[in-house]
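>>> predicted structure and sequence below. I'll ask about it afterward.
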Amino acid sequence: MTVDSELEAEQAYIDHAYRCLDEARARANQLQNLVEVGRGGTEQARFEREVIFDTIANRLAHLHLGDQSLCFGRIDTEPSNGDGSGDRFYIGRIAVSDANQEPVIVDWRAPVAEAFYRATGRVPMGLARRRHFITRGRELLDIDDELFGEHATATGAEGRLRGQGALIAALETARSGRLGDIVGTIQAEQDEIIRSPLPGVLVVQGGPGTGKTVVALHRAAYLLYSHRFPLEDQGVLVVGPNRLFLAYIEQVLPSLGEAGVELVVLADLVDSVRVRGNDEPVTARIKGDARMGKVVAKAVRDRERPLREDLRVGHGLQILRVEAERTQRIVSEARRRYRFHNSGRRYVEHQLFEALAESSRSPLDPGQLRVALRHAPEVREALERMWPVLTPAELLNDLFGSIGLLRLAAGSVLSDGEIDALRRPRRQDVDDVVFTQDDVPLLDEARARLGATPRSKRHGEDDEPRTYGHIVVDEAQDLSPMQLRMLTRRSLNGSMTVVGDIAQSTGAWAHAGWEEVLALLPQRRPARRAELTIGYRIPAPNMALAARVLRDAAPDLRPPTSVRRDGRPPRFVGVDGPDLGAAVAAAVRDEIAEVGQGNVGVICPGRLVPALTAALAEGGIDHGVAVSQGLDHQVTIVPVLMAKGLELDATVVVEPATIVADEAQGLRALYVALTRATKALTVVHAEPLPAVLAE
């Protein structure tokens, strides 16, 4: 059969698959129209209709592909029967069956599809042929065959990348400002991680361009497929480093048919507070230290205090009295009985009014006495001293706003200098407080100690935070001990996928190795380690430049091996200081011409963002700023600390020396900046280049 006739035959099969998909969608729509979720009938009937309606709606969402290709290849197995023919399976984004429920497309996560990603010439996994489709929407553009067994040596298939033609075509496609899936071009080392067993913590080390983020997201989709029960009920959580990153990855899981996964930054896991910005590096490091767990615990305990003097309250013609020593026993017993601080308030109130009633000359009912005296200033003041109801925000507002409370809570744990670094003005109204990203794990720690308030419990809030059956954490190498503790608290059973690159550790809590991270994560099972060693995104000339930085930034790590051996060498543009903005604008124009419809990122030190924004505007270049506008423009200015994890067709890296000088992990931040481009890289500088780039 000729190549053209093969293309025609495969196109006909793909067209058939799309017709089956359209028919399945039409059937689901008809069922949805038959289910009317209204007010009539019994509560049980309404509940059943809602369940059916939700099931159909989920099915419709699952069947919606948008512009994504349905099918990306097929596998032919070796003959296993007498007629000399093997089985043939078409592998695609979702499973599709015909009107007789015969499979037309096999879901990429199904066990039979594993060979599509994992078979090699040495271990063919029963395959005779693997065929990759290069598609655009519903149109088949080309096919790429790999033969196994006796045909492999003759065709030179041994040792090739899986679906090399389809892979290179995907890599050459212009970036859209959103991360795309790799479901059609997953390579063997990636697939092994994706299909790794659910239990325990899996740590994935991956250098720039190895696909660690998208592998982690495909793993979430695979686990939901393979462990639909119980994960659909328990939930899957994906945690990213910032909102720009979340916006960048938000389309991957829906494109794989999984829309129910929660994508969050850590601040989304705490309620009823405003969070913006970061603390100074010194303060941020203190707040991330594991010792802060003891500080918060002591701060809560410090708010559980017996009275200094006896309580006296007028009631009718007599004075009721509770001795200070009695309040000591009440507080001690409440501490013993209750795990969560706020849960003990009702007990303390009951005991206090019981003690007041016992001091009466005539019998009094404690319950009636409570109704009569609960608003008395003396009683309210006594209860607020003994056992106040506190929200996490109130606890931290009081703690950081009072040097006395800080020294009481942290004096045996932190140094005087560290205590002073935590001090900040107290706000009269806690609703006016704007917390930092570094406060988030402390708010969560306080929530774990305080529990829910009585008012929030009436609105359905529990003492314990929501937990998840599996948690995916990206860029985990920068998370502080307190942030890792916060994530561990949300793990239902210790199942996590943690991905990152130690060489890209640039935060206040940059870790030297994964052992430091693993020590703070669930340890119900031994942790597993995996490494992605092949770089698919970054051209070899760009990676060679970045590798020079890596030698100094993280000498124990090796750069990934680039599969894209060719590419334009990085350009260096040296300018006089006053001409920096104009030179950056000129470099941006050159890169736009280079990448056509692709996107261009201007990666720079944070303090240069305003000046470069003005320079691009003056140069007539339409652009956005990542902090406020994401990657929605073709040209985007990206502060270097927000560049991690992003893919851009071309990048203009501005002032490498300033990046190195300004950031706590300067060389690692520069390494991040130099490894974002999939095609073209230009370095613009007025200051002398760092030594690693001036070689």
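Done, it's in.
>>> which stretches of the stretch 151-300 of the chain form helices?
Secondary structure of the stretch 151-300 of the chain (DSSP state H, counting those that start in this stretch): helices at 152-155, 164-172, 188-194, 212-226, 228-234, 243-249, 252-255, 281-288, 292-301.
>>> check which residues of whichever strand or helix holds V472 are buried.
Using DSSP states H and E, V472 sits in strand 470-473. Within strand 470-473, the residues that count as buried by 16 or more other C-beta atoms under 10 Å are 470-473. Backbone N, C-alpha and C define where each C-beta goes, glycine included.
>>> adjacent strands (with direction) for it?
With DSSP bridges as the test, strand 470-473 is paired with strand 236-239 (parallel), strand 496-500 (parallel).
>>> comparing these, which comes out most buried?
Burial of the strands paired with strand 470-473 is given as mean neighbour count (mean count of other C-beta atoms under 10 Å); strand 496-500 ranks first at a mean of 27.
>>> can I get it as PDB, trimmed to CA atoms?
The C-alpha trace of strand 496-500 is given here as PDB (Å, rounded to 0.1, in the frame of the first residue of the first chain):
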ATOM      1  CA  MET A 496       1.700  12.600  46.500                       C
ATOM      2  CA  THR A 497       3.600  13.400  43.300                       C
ATOM      3  CA  VAL A 498       6.300  16.000  44.000                       C
ATOM      4  CA  VAL A 499       8.100  17.500  41.000                       C
ATOM      5  CA  GLY A 500      10.800  20.100  40.600                       C
END
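>>> what about the next helix or strand after it, average pLDDT?
Following strand 496-500 in sequence order, the next helix or strand is helix 514-518 (DSSP H and E). Throughout helix 514-518, pLDDT has a mean value of 94.
>>> please begin residue numbering at 29 from this point
Noted, 29 is the first residue going forward, which turns the last one into helix 542-546.
>>> packing partners of whichever helix or strand comes after helix 542-546?
Moving toward the C-terminus from helix 542-546, the next helix or strand (DSSP H and E) is strand 556-560. For strand 556-560, the elements it packs on are helix 216-222, strand 229-234, judged by 3 or more C-beta pairs under 8 Å, 6 or more residues apart in numbering; DSSP states H and E.
>>> most neighbours per residue, which of these?
Comparing those by mean neighbour count (mean count of other C-beta under 10 Å), strand 229-234 ranks first with a mean of 23.
>>> so what touches that strand?
If you take C-beta atoms under 8 Å, 6 or more residues apart in numbering as the criterion, strand 229-234 is touched by 221, 224, 240, 243-244, 504, 522-530, 542, 545-546, 549-551, 553, 555-560, 588.
>>> out of those residues, which end up buried?
Neighbour counting by 16+ other C-beta under 10 Å classes 221, 224, 240, 243-244, 504, 522-530, 542, 545-546, 549-550, 555, 558-560, 588 among the contacts of strand 229-234 as buried.
>>> what's the burial count for R704?
27 (other C-beta atoms under 10 Å).
>>> okay but it is in contact with A678, surely?
No - contact criterion C-beta atoms under 8 Å: R704 and A678 do not qualify, at 9.3 Å.
>>> circling back: now the helices and strands packed on strand 556-560 in TSV, please, with extra columns for mean pLDDT and distance to E34.
TSV is the format used below for these (pLDDT from 0 to 100; distance: least, C-beta to C-beta, whole Å):
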stretch	mean pLDDT	distance to E34
helix 216-222	94	25
strand 229-234	97	36
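>>> these into JSON lines, with extra columns for distance to Q456?
Listed next are those as JSON lines, based on distance: least, C-beta to C-beta, whole Å:
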{"stretch": "helix 216-222", "distance to Q456": "51"}
{"stretch": "strand 229-234", "distance to Q456": "44"}
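>>> what helix or strand does E412 sit in?
For E412, the host element (DSSP H and E) is helix 405-414.
>>> hmm, who's touching that helix?
For helix 405-414, the surrounding residues in contact (C-beta under 8 Å, 6+ apart) are 332-335, 339-341, 350, 355, 358-359, 373, 376-377, 380, 401-402.
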